[in-house]
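**Student:** predicted structure and sequence below. I'll ask about it afterward.
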Amino acid sequence: MSQTIEIIIAPDGQSRIETQGFTGTGCRTASRCLEEALGKSTSEQLKPEFHQHASENEHLQEGH
């Protein structure tokens, strides 16, 4: 599954970041610099994938 980060900016200037294809805290790590660039976060909605643990294969790939 591919990993993507989408930035949505509403006409009123409100923005949100949506991540797809990440499990566990990987989404927070990947989107951290974008969140800092956009400014103070006012809310956070966690997807079910956040609560999934990375598979063993992902851990092995990260170690290389």
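**Tutor:** Structure's in. What do you need? Numbers count the residues shown, from 1 in each chain.
**Student:** every contact and neighbour count from this point should use C-alpha atoms.
**Tutor:** Will do.
**Student:** where does I8 land in three-state SS?
**Tutor:** strand (DSSP: H, G, I helix; E, B strand; the rest coil).
**Student:** isn't it right next to L38, touching?
**Tutor:** No. I8 lies out of contact with L38 (CA atoms under 8 Å); the separation is 11.2 Å.
**Student:** mutual contacts of the two, please.
**Tutor:** Here I8 and L38 have S15 as joint contacts, going by CA atoms under 8 Å, 6 or more residues apart in numbering.
**Student:** in the protein, which spans are helices?
**Tutor:** 26-38, 56-63 (DSSP state H).
**Student:** which of the ones you listed has the lowest mean pLDDT?
**Tutor:** Within the helices of the chain, the stretch with the lowest mean pLDDT is helix 56-63, showing a mean of 46.
**Student:** how near is E49 to T4?
**Tutor:** Using CA to CA, to the nearest Å, we find E49 at a distance of 13 Å from T4.
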